[in-house]
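> A structural model of the following input is requested.
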Amino acid sequence: MSRPEVFTAQIGGLRVKFIAPGPAPEDAPAAVREGIIRRRIMYATGQCPCGATLSLRLPNRAERRRLQQLGQVPVVHVVIDHSEGCPAIEEHLHSAVRRWRAEQGRGGA
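Residues are numbered from 1 along each chain as shown. I've put the predicted structure just below:
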């Protein structure tokens, strides 16, 4: 698999950085390639081709101020509700990668 990449996006008025999958390997099966491509689109645009929208769960204002005073950056939780059959869903993509690796004799995810 290729190395993860950092995307910067404006979401909900905030500038956010995401660590996203690198480009899909050319030799990957369609399910793996499509899952990775959709995730990259999601992180770059905030919208998955399945219609899911990326939203953020932020710490409350008091917690963000406390972290800022400590020189720390708040952790932002990403919430994505993909359509049921979307190949970018965590379980679908991991399952496709495991099958691909098993076929190549590499095992694992």
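
> tell me the residue furthest from the middle of this protein?
Farthest-out residue of the chain from its mean C-alpha position, per C-alpha atoms, centre = their mean: residue 69, at 29.1 Å.

> got the contact list for that residue?
Under the criterion of C-beta atoms under 8 Å, 6 or more residues apart in numbering, residue 69 has no neighbours. Glycine gets a C-beta too; all of them are placed from N, C-alpha and C.

> separation between it and residue 62?
Shown here: residue 69 relative to residue 62, a distance of 11 Å by C-beta to C-beta, to the nearest Å.

> repeat for residue 40
Counting by C-beta to C-beta, the separation of residue 40 from residue 62 is 35 Å.

> more crowded one of these two?
Between residue 40 and residue 62, counting by other C-beta atoms under 10 Å, residue 40 is the more crowded of the two (19 against 8).

> residues contacting the more buried one?
With contact taken as C-beta under 8 Å, 6+ apart, residue 40 is in contact with 7, 20-21, 23.

> lowest pLDDT pick from those residues?
Of all those, residue 7 carries the smallest pLDDT score, 77.

> what is the longest helix of this protein by residue count?
Once the chain is assigned using DSSP state H, the helix that runs over the most residues is helix 30-45.

> now name the helix or strand holding residue 83.
Taking DSSP states H and E as the definition, residue 83 sits outside all helices and strands.

> which residue packs closest to it, ignoring adjacent ones?
Once flanking residues are discounted, residue 83 sits nearest to residue 50: 3.9 Å by C-beta to C-beta, 6 or more residues apart in numbering.
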